[in-house]
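> Sequence and predicted structure, then a few things I'm wondering about:
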Amino acid sequence: MIGLFSALFLACVSAPTDKSNDTAEATDSGSPTALEDSDGDGYTTEEDCDDTNVLINPVASERCNGLDDNCDGIIDEGFDSDGDGFLVTQFCPDGDDCDDEDPLSYPGADEVPYDGRDQDCDGADLTDVDADGYASEAAGGEDCDDNDPAISPGITDIPKDGIDQDCDGADSIDGDGDGYDDEALGGDDCDDTDPSINPGAVDWLNDGINSDCTGISDPFLSLASVNASIVGVTTNQEALLGQSIALCDLDEDRLDDLIITAPFADAYSGTAGIFYGAGWSTWADNMLMESADARITGEANGFLGMEVACTDLDSDGHQDLLVVSGEVEYAAFPLSK
């Protein structure tokens, strides 16, 4: 009996327990690590889609800020009511939808002119389709044709083309711009290509032109019927007044000026007087050369004024006055018996 007990005891001693493995298994199969809540908002990383921001968690209110505040996977929901892809301007710092109730109104949308609505969100309804600076009459403006930038109140009308370019209500029928409409189109301008010919113009005698559109060209008048005359100069009545006469528009006021010479005036120095056409209404009978608007006087015994003419001597587009002096040769004449 003693011998058997010893053998069993030895067997038990020869099989020691490995406690290191038991400790590892206990550790591996222990309680799981607790989830963190870094921002302290009461929601762990398992529920909180941004655990670094206390304002972001599953029960937060969604704000329009480009973030998913309530962790539902959608950013800024509720701030695009019309679903056009643009955020409302009232609540979103980066919003640019000026009418979030209308899916046809957003930046870049096609603008419908004159409807009182701002579809493209540029701040106003489109009232100037042709971009000429004038709003359409349909929108309360002055542009009578808002599809053509060449038609607006600021455009110069092209006469007699059937188009009202300046929006004054009618095409111009005054081709020469003298204030009188073409006779052929119901006006009273007998030559609508020449601004110096119209019912208000002065009809100068002996020029072969019916300037005042009376139908009578250059009526012949007797000297007794004239209402203006030049009789000479006071210093020398033998002035040879009227030796040369010219009509031309020296002051470029579209009225002919009268140039008349007296080569024997002022002791044969000669003179030329200029009477400007602008003062024709004040011309009177028996005017003197001294009453001329301008005078040119020659040198002693120069006989200035033997000829006078108007011409563009220097080709600058302006009339120049040419006055010719004369010369008198004194000689003895033998008498024959």
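Received the coordinates, thanks. Computed from a predicted model, the values in this text were never measured in an experiment.
> can you list the weak-confidence ranges in the stretch 151-300 of the chain?
217-225, 233-238 (pLDDT under 70).
> And the strands in it, which stretches?
When secondary structure is read from DSSP state E, counting those that start in this stretch, the stretch 151-300 of the chain shows strands at 230-232, 245-248, 257-262, 271-275, 287-288, 294-297.
> From the chain's centre, how far out is the longest one? Work that out for me.
By that I understand strand 257-262. Computed by C-alpha atoms, centre = their mean, to the nearest Å, the separation of strand 257-262 from the middle of its chain amounts to 47 Å.
> and the angle from that strand to strand 271-275?
Here the directions of strand 257-262 and strand 271-275 differ by 160 degrees (axes from the mean of the first three to the mean of the last three C-alpha atoms, to 10 degrees).
> Run me through the strand neighbours of strand 257-262, direction for each.
strand 245-248 (antiparallel), strand 271-275 (antiparallel) (DSSP bridges).
> can you list the residues that contact it?
Applying C-beta atoms under 8 Å, 6 or more residues apart in numbering, the contact partners of strand 257-262 are 230, 232-233, 239-251, 270-277, 289, 304-308, 310, 321, 323. In short, each C-beta sits where N, CA and C put it, glycine included.
> circling back: possible to save the strands paired with strand 257-262 as JSON lines with mean neighbour count?
Formatted as JSON lines, those follow (neighbours: other C-beta atoms under 10 Å):
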{"stretch": "strand 245-248", "mean neighbour count": "17"}
{"stretch": "strand 271-275", "mean neighbour count": "24"}
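> Any chance of these in CSV with distance to residue 300 as columns?
Shown next, in CSV, are the strands paired with strand 257-262 (distance: least, C-beta to C-beta, whole Å):
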stretch, distance to residue 300
strand 245-248, 24
strand 271-275, 13
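> still on that earlier bit, closest one to residue 61 among the strands of the stretch 151-300 of the chain?
Within those, the stretch nearest residue 61 is strand 257-262; the backing value is 90.3 Å (C-beta to C-beta).
> Only the buried residues of that closest one, if you could.
Neighbour counts over strand 257-262 (16 or more other C-beta atoms under 10 Å) mark 257, 258, 259, 260, 261, 262 as buried.
> tell me which of these is nearest to residue 51?
Once C-beta to C-beta is applied, the member of those that ends up nearest residue 51 is residue 257, at 99.4 Å.
> Show me where this protein has its helices.
2-13, 19-28, 265-268 (DSSP state H).
> Lowest average confidence across those helices, which one?
Ranked by mean pLDDT, the helices of the chain end with helix 2-13 at the bottom, a mean of 36.
> Can you add distance to residue 196 and give the buried residues of strand 257-262 back as TSV?
Below are the buried residues of strand 257-262 laid out as TSV (distance: C-beta to C-beta, whole Å):
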residue	distance to residue 196
257	14
258	16
259	18
260	22
261	25
262	29
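> Can you pull the poorly scored residue ranges out of the stretch 1-150 of the chain?
By pLDDT under 70, the weakly predicted segments of the stretch 1-150 of the chain are 1-34.
> picking up where we left off before, so which of the strands paired with strand 257-262 is nearest residue 207?
Once those are compared by C-beta to C-beta, strand 245-248 is nearest, at 7.3 Å.
> Just the CA atoms of the closest one, as PDB, please.
Coordinates of the C-alpha atoms in strand 245-248 are reproduced here as PDB (Å, rounded to 0.1, in the frame of the first residue of the first chain):
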ATOM      1  CA  ILE A 245     -18.200 143.100-105.800                       C
ATOM      2  CA  ALA A 246     -18.100 139.600-104.400                       C
ATOM      3  CA  LEU A 247     -20.400 137.400-102.300                       C
ATOM      4  CA  CYS A 248     -18.900 134.700-100.100                       C
END
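> burial of residue 244, as a residue count?
18 (other C-beta atoms under 10 Å).
> no wait, residue 72
11.
> What of residue 294?
Neighbour count of residue 294, defined by other C-beta under 10 Å: 14.
> which residue packs closest to it, ignoring adjacent ones?
Leaving aside its sequence neighbours, residue 294 sits nearest to residue 274 (C-beta to C-beta, 6 or more residues apart in numbering; 4.2 Å).
> again with residue 80
Using C-beta to C-beta, 6+ apart, the closest residue to residue 80 is residue 87 (5.6 Å).
> Give the full set of residues in contact with the one you found.
64, 76, 79, 80, 94, 95, 96, 97, 100.
> again with residue 188
Here residue 188 is in contact with 180, 181, 198, 199, 213 (C-beta under 8 Å, 6+ apart).
> try it again with 10 Å
180, 181, 182, 198, 199, 200, 213 (C-beta atoms under 10 Å, 6 or more residues apart in numbering).
> Wait, the first one touches residue 186, no?
What it means is residue 180. No. Using C-beta atoms under 10 Å, residue 180 makes no contact with residue 186, being 11.5 Å away.
> more crowded one of these two?
residue 180 (23 against 8).
> now the contacts of residue 87 as JSON lines including distance to residue 207 and neighbour count?
JSON lines is the format used below for those (distance: C-beta to C-beta, whole Å; neighbours: other C-beta atoms under 10 Å):
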{"residue": "64", "distance to residue 207": "84", "neighbour count": "20"}
{"residue": "76", "distance to residue 207": "86", "neighbour count": "20"}
{"residue": "79", "distance to residue 207": "84", "neighbour count": "20"}
{"residue": "80", "distance to residue 207": "81", "neighbour count": "19"}
{"residue": "94", "distance to residue 207": "79", "neighbour count": "10"}
{"residue": "95", "distance to residue 207": "78", "neighbour count": "17"}
{"residue": "96", "distance to residue 207": "73", "neighbour count": "13"}
{"residue": "97", "distance to residue 207": "75", "neighbour count": "25"}
{"residue": "100", "distance to residue 207": "78", "neighbour count": "22"}
